[in-house]
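Novice: Quick one, fold the following:
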Amino acid sequence: MKEDKYKQEHGNFSEYSSQSGSLGTTRSQEEFNTTSSVDITSILAIEELGDVEAGDVHKHLEETQASSDKQPIVESRDREEELKVKRSNQLSRHDIIEEPGAEFFTNVNTKNNNYLINLREDDDPALDPLSSQQQIASKNNFGDDNLIKDDDLFKVPDDNSEGSSRAADDFEYVDQEASIISPALTDPTGEWSGFFTTDSVPIAKEVEDKTEDNFISETTAVATKVSPQSKPPFYKNRRFHFYYILTFAILFLGICCIIVWATLPTQEPGITPVTLAPATNLVESPVSEETSDMLDQFMQLVGEANLAVDGSPYQNAASWVIDKDPLQLSPKAGNLAQRFILALFYFSTSARRPWRSCNPPAENETAVCMFDRIVAVDPVRKYVPVPKVRWLTERSECEWAGVKCDNNGQVVRLSIMGQDILSTLPSSIMLLPSLQVISFSVNEFYGTLPKELADLRRIINVELQYNMFTGHIPSEWWRSTSPRMLNLERNLLSGSIPTEVGLLTEMQNLYLSENNISGKIPTEIGNAKNLIFLRWSQNYLTGTIPSEVGKLTSLKEMWFLKNELTGALPSELGSISAIQSLRLNHNSFHGTIPEEHYAMINLDKWDIYDCNFTGTISTKIGNLAKLEKYRIRRNNFHGTIPSELGGLGSLSSVWMHENNFSKPIPRELCRLNIDIFMDCDLNDEGPLNECYFDCCVDSGTPRAACFDR
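Specialist: Numbers count the residues shown, from 1 in each chain. The predicted structure follows:
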């Protein structure tokens, strides 16, 4: 039925054969080869050789492939013993006139091979044996025997389908076991109905003009191998995509882990990390009336904004007092605020790493701890363990290590020394109204000094030496009249000594050594009349020592060594009768030692070495009966060494070398069992400072050292 219908629509195939005439009988080998390259405006020749077997066709096409310079012939999948060319109603030659831009395909099916030939519009028309005048437009009708059988058919995908590039690998073969295909499926328009037979192999189908721009744009004929064994490139494989993404994810996670590990603070040996449960946001969470009262008190102390920050020391401290404190204080407890402030101090100073000792108890730990008390700093630190109570325990906060309270239970002293604390100085300690002593020396506090410390009206001692504070000393500190001691030695402070230093009328101990302080010593220093210890050594002080220092009659120590001071020493220094240690070495002073200085009868250490002093040593030195160390090395002193020096029974060390003394060492001095350093002259004229036998040798051990200038 389908065959009859097709005959009615397209006519009999025999009519087309009669129109073709002599074109369908035979063709030479040369004519067949030229069909592989034809201009797009030429005809598409599709023929089946009359009496040639399928194997000969295969051989014929292989020869055609070898001789063609334009386009390779692509081999398709094998079809074993399926294709045998039958010669009923032979299709000899069909010439078709096509509009410019049209493209054609010839599918030649032979035994074990499928060939796809793409003829492009730029093929040379001269290669075709038929002239343009011989091209005939024809439409063909199928005969009764012209139905397509289950041979391999080349199906052209729809132009509107995805991937409309129409490349050769976009086409598919119809399986041989498929049922007979209706001509209507392969030629819906009927324009090429005469090309379909049941026995013929060649099939031609017009490619519409609209696909021209989407097809291969090369100027030569293209033949592409279509193989069922072929696979897409590995980078298009879904499994490749999966492993690629998985590998990238693993690398990314690895890098993140390394970054997190590198940014974690290193745990030092001997320090047990403390793990506390995370604090809840008490400000935003629904709370009881009792908790609300506590929060109101905490907000008044530190502000609502600070308590609202998740994970902040403020919130951690509030959460501990409200939820985790074993004492579970009520809002009316007298020490509620104090306990909160101390908890805040701990959370602030242990945020980066725990303290060296007496941290809050971990699991299975009791409230008792061994507190490492530092007893020496130089040349190495030494600790002595003493029993104390851990911080953040059920015991009273007045018992926590380093905390001392008065009889009213108010904190008056915080002494947390040598605990390796790495933190800024929390301003929250200023909320302790009765605090008198702050001793945080030998830690690693950094940052600037808080100006709020000056608001502590009862503060007496501030000991922050051996830390890493930077910046200037706040001007508010110089105006505070309450402190008795300010120790800022061995920090990184800069700036100069302001004139407000004269306002420290109650100050007794002012230690500023080993910083980066520069400038001159203000004359107002004379107003701080209660000063006892004045240590400003190893800075960058310049200028002279003002004479106003003579007003510091209570001064026991004056350490200005290793600065850049110049000029002569003021004679007013001699009026400081209480002074015991005068260390002015390693400066650029000049001039003589005033006679008044020999009136400092309590002096036990006199260091004026490595300067540029001149003159002689006064015989009044015999008045310094308490003198233990007399060191005047590397100056320009000359003359005779007074014998009165040998009458000082307290002497233990004398440095007099690298000067210009010209007389022998006094026998009185040699008789002292002390360390003596003198100059020796090794020239031919003999020693300038004769070393007596009983001075230089004691049972074979020299007690005096001679130095060659």
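
Novice: quick one, helices of this structure?
Specialist: Secondary structure of the chain by DSSP state H: the helices cover 2-10, 13-20, 29-34, 54-67, 183-186, 238-263, 289-302, 304-307, 313-319, 336-349, 475-479, 667-670, 693-696.

Novice: Let me see the contact set for Pro522.
Specialist: With contact set as C-beta atoms under 8 Å, 6 or more residues apart in numbering, Pro522 has these partners: Ile497, Pro498, Thr499, Val501, Gly502, Pro546. Glycine gets a C-beta too; all of them are placed from N, C-alpha and C.

Novice: could I get those residues as JSON lines with neighbour count?
Specialist: Converted to JSON lines, the contacts of Pro522 look like this (neighbours: other C-beta atoms under 10 Å):
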{"residue": "Ile497", "neighbour count": "21"}
{"residue": "Pro498", "neighbour count": "17"}
{"residue": "Thr499", "neighbour count": "13"}
{"residue": "Val501", "neighbour count": "19"}
{"residue": "Gly502", "neighbour count": "17"}
{"residue": "Pro546", "neighbour count": "17"}
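
Novice: Tell me which two of these sit farthest apart.
Specialist: Largest separation among these by C-beta to C-beta: Pro498 and Pro546, giving 14.6 Å.

Novice: Next, count neighbours for the nearest residue to Val302 once chain neighbours are set aside.
Specialist: Counting by C-beta to C-beta, 6 or more residues apart in numbering, Val302 lies nearest to Tyr314, which is 5.3 Å off, once chain neighbours are set aside. Tyr314 has 26 neighbours, counted by other C-beta atoms under 10 Å.

Novice: now do Glu506
Specialist: Residues near Glu506, counting by other C-beta under 10 Å, number 14.

Novice: same deal with Asn364?
Specialist: Residue neighbour count, defined by other C-beta under 10 Å, stands at 5 for Asn364.

Novice: How much space separates it from Arg395?
Specialist: In this view, Asn364 and Arg395 are 18 Å apart by C-beta to C-beta, to the nearest Å.

Novice: for Asn461, same thing?
Specialist: With distances taken as C-beta to C-beta, Asn461 is found 26 Å from Arg395.

Novice: same question, Gly567
Specialist: Per C-beta to C-beta, Gly567 is found 58 Å from Arg395.

Novice: Same question for Phe345.
Specialist: Distance, Phe345 to Arg395, by C-beta to C-beta: 16 Å.

Novice: which one of those two has more residues nearby?
Specialist: Just comparing Phe345 and Arg395: by other C-beta under 10 Å the higher neighbour count belongs to Phe345, 22 against 15.

Novice: Looks like the more buried one contacts Ile429 (just checking).
Specialist: Yes. Phe345 is within contact range of Ile429, at 5.9 Å (criterion: C-beta atoms under 8 Å).

Novice: any common contacting residues for those two?
Specialist: Shared contacts of Phe345 and Ile429 (C-beta under 8 Å, 6+ apart): Leu414.

Novice: For Ala376, grab the count of nearby residues.
Specialist: Neighbours of Ala376 (other C-beta under 10 Å): 11.

Novice: got any ranges where the protein has weak pLDDT?
Specialist: 1-236, 262-286, 680-709 (pLDDT under 70).

Novice: what are the ranges of the strands in the stretch 401-550 of the chain?
Specialist: Ranges of strands in the stretch 401-550 of the chain, per DSSP state E, counting those that start in this stretch, are 403-405, 411-415, 422-424, 437-439, 444-447, 461-463, 468-471, 485-487, 492-493, 509-511, 518-520, 533-535, 540-543.

Novice: Looking at those, which is nearest to Tyr243?
Specialist: The closest of the strands of the stretch 401-550 of the chain to Tyr243 is strand 422-424. By C-beta to C-beta, the value is 45.4 Å.

Novice: Pull up the pairing partners for that closest one, direction included.
Specialist: Counting by DSSP bridges, the strands paired with strand 422-424 are strand 444-447 (parallel).

Novice: Would you mark the buried spots in the partner strand?
Specialist: Phe445 (16 or more other C-beta atoms under 10 Å).

Novice: Could you do stretch 337-356 as well?
Specialist: Of all the residues in stretch 337-356, those buried under the rule 16+ other C-beta under 10 Å are 337-351, 353-356.

Novice: swap in stretch 555-570?
Specialist: So for stretch 555-570, counting by 16+ other C-beta under 10 Å, buried means Leu555, Lys556, Glu557, Met558, Trp559, Phe560, Leu561, Lys562, Asn563, Leu565, Leu569, Pro570.

Novice: Which one of these is nearest to Ile641?
Specialist: Closest approach between the buried residues of stretch 555-570 and Ile641, by C-beta to C-beta: Leu569, at 21.0 Å.
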